[in-house]
Every structure is written in structure tokens, then in C-alpha cells.
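1. generate coordinates for the sequence data below:
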Amino acid sequence: MYIKYIIYVFVCLFGFYACKPVEESSTETKVGQKPEIVETPFDSAAYQWEGEHILVNWKDLLDVTFVRQPHELLDSADIPQFNDKVKGLNGKKVIIEGFYIPVEETGDENIVILSAYPYAQCFFCGQAGVESIVDILIKEKLPPIKTDTKVRFSGKFKTNADDFDFLIYILEDAKYIK
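-> Next up is the predicted model:
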């Protein structure tokens, strides 16, 4: 069971570090030092809403760059640099729609992947980058869903630039929308 989880983490890390072109960082960051996080003012008019939830636009999520920076465990790592619109989503209630990709390898039924693209074109097959998938941390057991079914989830959106156990986008407390 732990082997499956290790495989999942390896796949995530491989994509996080190897599958995206990087820019060299022009800022000096010491090994082990976290980059400074600058709060971006939230402009609610910049988003499409459904009730109290923001509708996530994949185009916004796909617009991310990566900067190679020193890292204490990995020598260096490609750190995502989120655009202002994505930064504004951090911590907000959102709804996101995408292609369902189960991740049985983890042995954890509470984690699935949502992709901007069908499985044949998604990150796992090398056709897209890590910015095209979201870790969905679900609260309740899902009904049977076939791979590549277009589904919607609501939850709290989180950007992730430093916890390499997860993808760069996470939907916490996610609920499946039927």
C-alpha cells in the first residue's frame, strides 16, 4: 500500500521538477529559504461566479511560469510563479470542472486528480504540464466515476509552491457536484 503512495508522489514530483521549462531566478534565495509571498488585492469583478463560489478558468491556471531556485533537499527546484488572478483564488471557495482521473496508486480514496485535458493528453502521459492538473482532496466517498468523465467539484482552492507531496494546485474539502 505504501508502494502505491510512493509511486504517486514520485509521479507528482517528476512532473513538478522535470516537465516544465524553467527560467533561471534573478533573485538571490538561500537554500532552505522560502520565497517571499506578496499579497495581491482581491478583485471580485475579475472572476465569474456561481452563487458564492468562483468558477475556476483553466486558462488562468495554465498561465504559470517556473523559476529554478535553490532547495535544501533537491539542490534546486522549479518553483511556480502564479499570476495575480490565480493568487486571488488562494483560500477562496471555488467550483472547478475537468476530466476525472482516479489515482488508485495512492491507496487513498480521498485523493483524485482533476485535469484540464482527457487522460490521453494529460500531464501523466507527457502531453501537458503539472499546471494542468489539480489535487482534489475529497471529504466523502465518491460514486463510481469513469476515467475521463467531465465532472465538477467545489471546495477551498489552494496554491502550492513549497509542499512537494502535493501538486501546485489543491482543492481542499472538496465536494463532488452531481
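2. just so I have it, where are all the helices in this protein?
-> Under the criterion DSSP state H, the chain contains helices at 2-18, 58-62, 84-89.
3. average pLDDT for the second one?
-> Summarised as a single mean, pLDDT over helix 58-62 is 96.
4. what's the answer for stretch 74-87, then?
-> The model assigns stretch 74-87 a mean pLDDT of 91.
5. again, but for stretch 115-132
-> Throughout stretch 115-132, pLDDT has a mean value of 79.
6. tell me how far it is from the chain's mean position?
-> Centroid displacement of stretch 115-132 relative to its chain, using C-alpha atoms, centre = their mean, to the nearest Å, is 12 Å.
7. and for stretch 82-94?
-> The answer for stretch 82-94 is 12 Å, by C-alpha atoms, centre = their mean.
8. got the CA positions of stretch 50-57 in CSV?
-> In CSV, the C-alpha atoms belonging to stretch 50-57 read as follows (Å, rounded to 0.1, in the frame of the first residue of the first chain):
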residue,chain,number,x,y,z
GLU,A,50,-21.8,30.7,-9.4
GLY,A,51,-23.5,31.6,-6.1
GLU,A,52,-20.8,32.1,-3.5
HIS,A,53,-18.2,30.2,-5.5
ILE,A,54,-15.8,31.4,-8.1
LEU,A,55,-15.7,29.4,-11.3
VAL,A,56,-12.1,28.4,-12.0
ASN,A,57,-10.9,29.0,-15.5
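9. would you mind measuring from the nearest residue to Ile138 once chain neighbours are set aside to Phe157?
-> Ranked by C-beta to C-beta, 6 or more residues apart in numbering and with sequence neighbours excluded, the top spatial neighbour of Ile138 is Ala174, at 4.8 Å. Yep, even glycine has a C-beta here, placed from its N, CA and C like the rest. The gap separating Ala174 from Phe157 is 10 Å, by C-beta to C-beta, to the nearest Å.
10. I'd say Gln121 and Gln127 touch.
-> Yes: with contact defined as C-beta atoms under 8 Å, Gln121 counts as touching Gln127 (4.3 Å).
11. who's more crowded, those two?
-> Remark: of Gln121 and Gln127, Gln121 carries more neighbours, 16 against 13, as counted by other C-beta atoms under 10 Å.
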